[in-house]
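Peer 1: Pasting a predicted model and its sequence here:
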Amino acid sequence: MIAASALCKFFGSGDTQVKALRDVSLTIAENEFVAIMGSSGSGKSTLMNILGCLDTPSSGHYKLAGASVSELDDEQLSAMRNQHIGFIFQSFHLLPRLSAAENVALPLRYTDTPTDEALQRAERLLQQVGLGHRMHHKPAEMSGGQRQRVAIARALINNPKVIFADEPTGNLDSKTSVEIMQLLTELHRNGNTVVMVTHEDDIAAYAQRVIKMRDGQILEDSACSV
């Protein structure tokens, strides 16, 4: 599913240049559940952005689902994101004026899917994540956990090949975090590839495999022992 070779990412130049990634190589198979860990500045978010086609490496090669991402222009990267990737963010990124169903259907605006069909698909996904009774509510009318469930449903709307979750429980209490991680685990069991950035050991324990980063490099890559 994912094959990255010798990825480097530099910001700035000269004496102020920051080397966010240094020669990072990894592969992630279809239907793996992988956690990427590291302290602030370790490079985990930069790596996530490149793997999720939100950014491009300064050097190195990256293939997603067999396509050479490193050779794509901005328009092609956008199409790759829309067709193959689902994102879940710590801060949810929901539009406040839209209902839950409208937020979930939003990615389909960039396709030729009719509006009625898009909303029907959104409503089915909200049922799947346990929010069928809240589909017409706006984000301000929902709890943090409910908003994250909406974000998960939105990530699934295009039947993505891989789901990228960036600190998906970072703004949630312990009980709600467990509920969200159980939902992600269920999605993985149903066949989704999940790549998650987290700094919490108990959250990383839900993954099959943990990649630990430091100073822009992979420090450790191992099966989860918990």
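Peer 2: Done, it's in.
Peer 1: Just give me how far the longest helix anywhere in the chain sits from the chain centre.
Peer 2: With secondary structure taken from DSSP state H, the chain has its longest helix at helix 174-189. In terms of C-alpha atoms, centre = their mean, to the nearest Å, the centre of helix 174-189 is set 14 Å apart from its chain centre.
Peer 1: That one: what's the following helix or strand?
Peer 2: strand 193-197 (DSSP states H and E).
Peer 1: what packs against that following strand?
Peer 2: strand 33-37, helix 44-51, strand 162-166, helix 174-189 (3 or more C-beta pairs under 8 Å, 6 or more residues apart in numbering; DSSP states H and E). Placement of C-beta: from N, CA and C, glycine included.
Peer 1: one step back: tell me the buried residues in the longest helix of the chain?
Peer 2: Across helix 174-189, burial judged by 16 or more other C-beta atoms under 10 Å covers 176-177, 180-181, 183-184, 187-188.
Peer 1: Run through who's touching that helix.
Peer 2: For helix 174-189, contacts defined as C-beta atoms under 8 Å, 6 or more residues apart in numbering pick out 31, 33, 129, 143-145, 148-149, 152, 156, 163, 165, 168-169, 172, 194, 196, 203, 206.
Peer 1: Put the alpha carbons of it into PDB.
Peer 2: The C-alpha coordinates for helix 174-189 follow below in PDB (Å, rounded to 0.1, in the frame of the first residue of the first chain):
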ATOM      1  CA  SER A 174     -10.100   9.000  28.400                       C
ATOM      2  CA  LYS A 175     -13.500   7.300  28.100                       C
ATOM      3  CA  THR A 176     -14.200   8.900  24.700                       C
ATOM      4  CA  SER A 177     -10.700   8.100  23.500                       C
ATOM      5  CA  VAL A 178     -11.300   4.400  24.200                       C
ATOM      6  CA  GLU A 179     -14.600   4.600  22.200                       C
ATOM      7  CA  ILE A 180     -12.900   6.300  19.200                       C
ATOM      8  CA  MET A 181     -10.000   3.800  19.200                       C
ATOM      9  CA  GLN A 182     -12.500   0.900  19.400                       C
ATOM     10  CA  LEU A 183     -14.200   2.400  16.300                       C
ATOM     11  CA  LEU A 184     -10.800   2.700  14.500                       C
ATOM     12  CA  THR A 185     -10.000  -0.900  15.400                       C
ATOM     13  CA  GLU A 186     -13.300  -2.100  14.000                       C
ATOM     14  CA  LEU A 187     -12.600  -0.200  10.700                       C
ATOM     15  CA  HIS A 188      -9.200  -1.900  10.600                       C
ATOM     16  CA  ARG A 189     -10.900  -5.300  11.100                       C
END
